[in-house]
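Engineer: compute the structure for the input listed below.
(one chain, ligands or ions: 1)
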Amino acid sequence: MTLPFGTRLRSAMDERGPLCVGVDPHAALLDSWGLTDDIAGLERFTFTVVEALADTVAVFKPQAAFFERFGSRGVAVLERAVGDLRAAGGLVVMDAKRGDIGSTMAAYAEAFLRKDSPLFSDALTVSPYLGYGSLKPAVDLARESGAGLFVLALTSNPEGAEVQRAVREDGRTIGATMLAHLAAENAGETPMGSFGAVVGATLGDLSSFDLDINGPLLAPGIGAQGATPADLPAVFGAAVRNVVPNVSRGVLRHGPDVAALRDSAHRYADEIRAAVAG
Ligand SMILES: O=c1ccn([C@@H]2O[C@H](COP(=O)(O)O)[C@@H](O)[C@H]2O)c(=O)[nH]1
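Structural biologist: Numbering: from 1, shown residues only. Sure, this is the predicted structure:
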C-alpha cells in the first residue's frame, strides 16, 4: 500500500534534505548549457539533471510548460523523466497548475494522479481560482492514490496580490481562505497531511496569515527571484518546518557539469537545513 504523500514527503526531506529542485528547461538555460532549443537539447538537459540529482535530492518539480512547448515529443521526455526520478527515489511534484470546472478537473486529475497514468506524479500543483470546491475531483483522486496537491495560495510573483490579498465579505483574504480549506483537508493527519499550499519565499513577513495548515508549504522564489534560504524563518515563522523550498534556475544554471549541479543542490540543502534549524 502506498503511504500518503505527506508521510512520504516528510521522510524524503528528513533523509535527503529539505530541497525541491525545479526541472525547468528554459530556452536561455539550454543555450547557456551549449544545447539547441529543440527536442535533442531538451532531452540532453533533462537527463543530465536526472543523472546529477535523482539519487540525492528529495523533491523534483518539473515545470510542465517547458516540455509542452515541444508538443507530444516534449511530453514524452517529461513522462520518461518522471519515471526515472521516481525510480531513483525522488518525489515528483508536477507543476502544471491545473484548474477548471469540476467535470474537467476530474480529467486533469486522471492525467496526473491516477496511478496507472503515464504522467502519474507524487503531487500536482493546482489553481483554486474557479473556486476551491472545483478541485474536489483532484482531492478525491489524490487521497485514493496516496498523492498530494499544492494549491496556489500566495504565489511568489508580485501580480498575485491583486487576487490573493483581495478581501472577501467575511473579512478574510482569498489567500487566507485557501489556507483554511487546506487546514481542514489535513486535519488530524500525522506527521502532516498531503494537501499543501504554494506560498512564495519572496513575500516577506507573512505573520498576518495562518500558515499552520498541517501540510506542506511549497516555497518557490529562492535563487533567480531573489529570496535566499536565510529569509525562510522570517517569512514562514513557526511553519518553516513544513516548508518545501524550491530552487530551479539557481541550481540549473550550474549545468551541464554534473558535479557542479550536485554541489549546488547540496549547498542549497545545507543552507536551508541551517536556516530552518536556526
Ligand atoms: O508562486 C509560484 C508558483 C510557481 N512558481 C514556479 O516555480 C519555479 C521557480 O523557478 P526559479 O527559476 O527558481 O525562479 C518556476 O517553475 C515557476 O513557474 C513560481 O515561481 N512561483
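
Engineer: close to the ligand: what parts of the chain are there?
Structural biologist: By the rule C-beta under 6 Å from any ligand atom, the part of the chain lying against the ligand is 22, 24, 63, 95, 155-157, 198, 200, 220, 223-225, 246-250. Every C-beta, even on glycine, is put in place using the N, C-alpha and C of the backbone.

Engineer: are any of the residues you listed buried, and if so which?
Structural biologist: Neighbour-count burial (16 or more other C-beta atoms under 10 Å) applied to those gives 22, 24, 63, 95, 155-156, 198, 200, 220, 223-225, 246-248, 250.

Engineer: just the ones in strands from the residues of the chain next to the ligand, please.
Structural biologist: Applying DSSP state E to the residues of the chain next to the ligand, the entries found in strands are 22, 95, 198, 246-247.

Engineer: can you list these in CSV and add distance to Leu179?
Structural biologist: Putting those into CSV (distance: C-beta to C-beta, whole Å) gives the following:
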residue, distance to Leu179
Gly22, 23
Asp95, 19
Val198, 11
Asn246, 18
Val247, 23
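
Engineer: tell me where the stretch 101-250 of the chain has strands.
Structural biologist: Assigned by DSSP state E, counting those that start in this stretch, the strands in the stretch 101-250 of the chain fall at 123-126, 148-154, 195-199, 217-219, 243-247.

Engineer: closest one to Arg262 among the ones you listed?
Structural biologist: strand 243-247 (13.5 Å; C-beta to C-beta).

Engineer: what about the helices in the stretch 101-250 of the chain?
Structural biologist: 102-113, 136-145, 161-164, 174-185, 232-236, 249-252 (DSSP state H, counting those that start in this stretch).

Engineer: tell me which of those helices lies nearest to Ser207.
Structural biologist: Judging the helices of the stretch 101-250 of the chain by C-beta to C-beta, what sits closest to Ser207 is helix 232-236, at 9.3 Å.

Engineer: burial measure for the closest residue to Gly160 other than its chain neighbours, as a count.
Structural biologist: Distances taken as C-beta to C-beta, 6 or more residues apart in numbering place Leu154 nearest to Gly160, at 6.8 Å, with adjacent residues excluded. Other residues near Leu154 come to 25 when the count uses other C-beta atoms under 10 Å.

Engineer: give the bridge partners for Leu154, please.
Structural biologist: Bridge pairing for Leu154 (DSSP bridges) gives the partners Val199.

Engineer: run a quick neighbour tally on Lys115.
Structural biologist: Residues near Lys115, counting by other C-beta under 10 Å: 11.

Engineer: please apply the same query to Arg44.
Structural biologist: Using other C-beta under 10 Å, Arg44 has 18 other residues around it.

Engineer: Ala106 now?
Structural biologist: With other C-beta under 10 Å as criterion, Ala106 counts 15.

Engineer: report the contact partners of it.
Structural biologist: 137-138, 141 (C-beta atoms under 8 Å, 6 or more residues apart in numbering).
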